[in-house]
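S.K.: sequence and computational prediction follow.
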Amino acid sequence: MTDQNDFPLAGLLVVDMCQFLSGPYASLRLQDLGARVIKIERPDGGDLSRRLYLTDTEVGGDSTNFHAINRSKESLALDLKNPADLTALKTLLGKADVVLQNFRPGVIERLGLDYEAVKAINPRIVYASITGYGTEGPWVMRPGQDLLAQARAGLMWLNGDEGQGPVPFGLAVADMLAGSAACQGILACLVRRGITGEGGHVETSLIEALVDFQFEVLTAYLNDGQRQPKRSGFRSAHAYLAAPYGVYPTSDGFLAIAMTPIAKLADLFALEALAPYRDKPKSWFSERDAIKHIIADHVATNTTEHWLSILEPADIWCARVLNWDELVASEGFKVLDMLQTVTREDNVSITTTRAPLRIDGRRPRTSRAAPLIGEQSAAIRREFGL
């Protein structure tokens, strides 16, 4: 359970029937805000993400991925094909404030646990559904998996250099964004319930979250003759933004440079080769590869710290590109206090992240590691009379 009994969602009961990442990410955020989260798992193997390995490291018999996204939750093992267990779940849902599910389309209806069915049991329930591609259309029954959603959403053509082909994000961005969207909807419905007493049904999907993620560039496309974005062929960092926007190798690392007038950069670098582009802002896009080559050749001649010592005092938007070792060792990261170690009675201990927000100046902290399958089943059954 959460350690923050005075946080905004303290006293709320969340039942999470989800697997993998999207739904459990949403319930993790609710748990960080004070809610109690009971995770429903199959007795024979539990959540499939227990075996979704990011590396060959295993902690207490489960993947680090499972631990990261299910810390401090409770596990109730139920076989939903067993009528007695299904009845027990319905009893629990009658006492819950929030329920989340991300079953394949049609499964939740066959179980008799769709929104209308649960609302009949608990009219005040806030019910969240996460799918791959919504509930209508030709993609509904396609696998709702992160890479496949990225493939259908078009955003792979925003990454990498022109000519590379589609480049996916190196993390499960669809799952995390869909979980965030679900969490926003849940919180909004909880606010409404506090005002009117009415619950609600929140629905989102991986594809909807990825479309929203692209709202800025899609709006440009839709209102600019539907011209396809064209990535820079060299050091691309944004399909639309002009030079010098990108990441450049230095003699000892990498330097990121964001939106900066070429004239200002030419002066700071004392770089005559940029003279033809100084006062021609349109060329910063049309000739961005040529400009980037000039900047890259120059930046490669000295260290990252050297260039930062020139650019930062001039208020140029730039940064050293850090790897994880450098990030974790940096004072900027340490002061955020974003890491915590969570433990379990069987001597399982894992270091993971903390919530990305503060409430009244305090960042949520939990102390308990992710549960074993059904670890709290007996206690939960006694407490709720299941």
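M.R.: Ah, there it is.

S.K.: what's the helix or strand for the nearest residue to Ala275 once chain neighbours are set aside?
M.R.: Leaving aside its chain neighbours, Ala275 sits nearest to Ala266 (6.6 Å; criterion: CB to CB, 6 or more residues apart in numbering). C-betas here are computed from N, CA, C, even on glycine. Applying DSSP states H and E as the criterion places Ala266 in helix 262-269.

S.K.: now that helix - C-alpha only, CSV.
M.R.: The C-alpha trace of helix 262-269 is given here as CSV (Å, rounded to 0.1, in the frame of the first residue of the first chain):
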residue,chain,number,x,y,z
ILE,A,262,22.0,31.2,-37.3
ALA,A,263,23.4,34.7,-37.2
LYS,A,264,23.9,34.5,-33.5
LEU,A,265,25.5,31.1,-33.7
ALA,A,266,27.8,32.3,-36.5
ASP,A,267,29.0,35.1,-34.3
LEU,A,268,29.6,33.0,-31.2
PHE,A,269,31.4,30.3,-33.2
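
S.K.: could you chop this structure up by domain?
M.R.: Listed by automatic domain parsing, the domain ranges of the chain are 13-213+340-384, 246-329.

S.K.: any idea which of the ones you listed is most buried?
M.R.: When you average the neighbours per residue for each of these (mean count of other CB atoms under 10 Å), domain 13-213+340-384 leads with a mean of 18.

S.K.: which parts of the stretch 151-300 of the chain are strands?
M.R.: Under the criterion DSSP state E, counting those that start in this stretch, strands of the stretch 151-300 of the chain are mapped to 200-205, 246-249, 254-257.

S.K.: mind checking which helix or strand of this protein has the lowest mean pLDDT?
M.R.: strand 58-59 (a mean of 90; mean pLDDT, DSSP states H and E).

S.K.: give the pairing partners of it; include direction for each.
M.R.: Strand pairing for strand 58-59, determined by DSSP bridges: strand 62-63 (antiparallel).

S.K.: now the element after the partner strand, going C-ward?
M.R.: Next element after strand 62-63 (DSSP H and E): helix 64-70.

S.K.: related to what we said a few turns ago, so the residue nearest to Ala275 sits against Leu274, correct?
M.R.: Yes. Between Ala266 and Leu274 there is a contact at 3.8 Å, judged by CB atoms under 8 Å.

S.K.: report the distance from stretch 218-232 to the chain centre.
M.R.: Relative to its chain's centre, stretch 218-232 lies at 25 Å (CA atoms, centre = their mean, to the nearest Å).

S.K.: let's number from 37 now, not from 1
M.R.: With the count now opening at 37, the last piece we talked about shows up as stretch 254-268.

S.K.: so, low pLDDT: which residues of the chain?
M.R.: Across the chain, the ranges flagged by pLDDT under 70 are 37-40.

S.K.: who's in contact with the residue of it most remote from its centre?
M.R.: Relative to the mean C-alpha coordinate of the chain, counting by CA atoms, centre = their mean, the farthest residue is Glu308 (43.4 Å). Glu308 sits next to Ala302 when contact means CB atoms under 8 Å, 6 or more residues apart in numbering.
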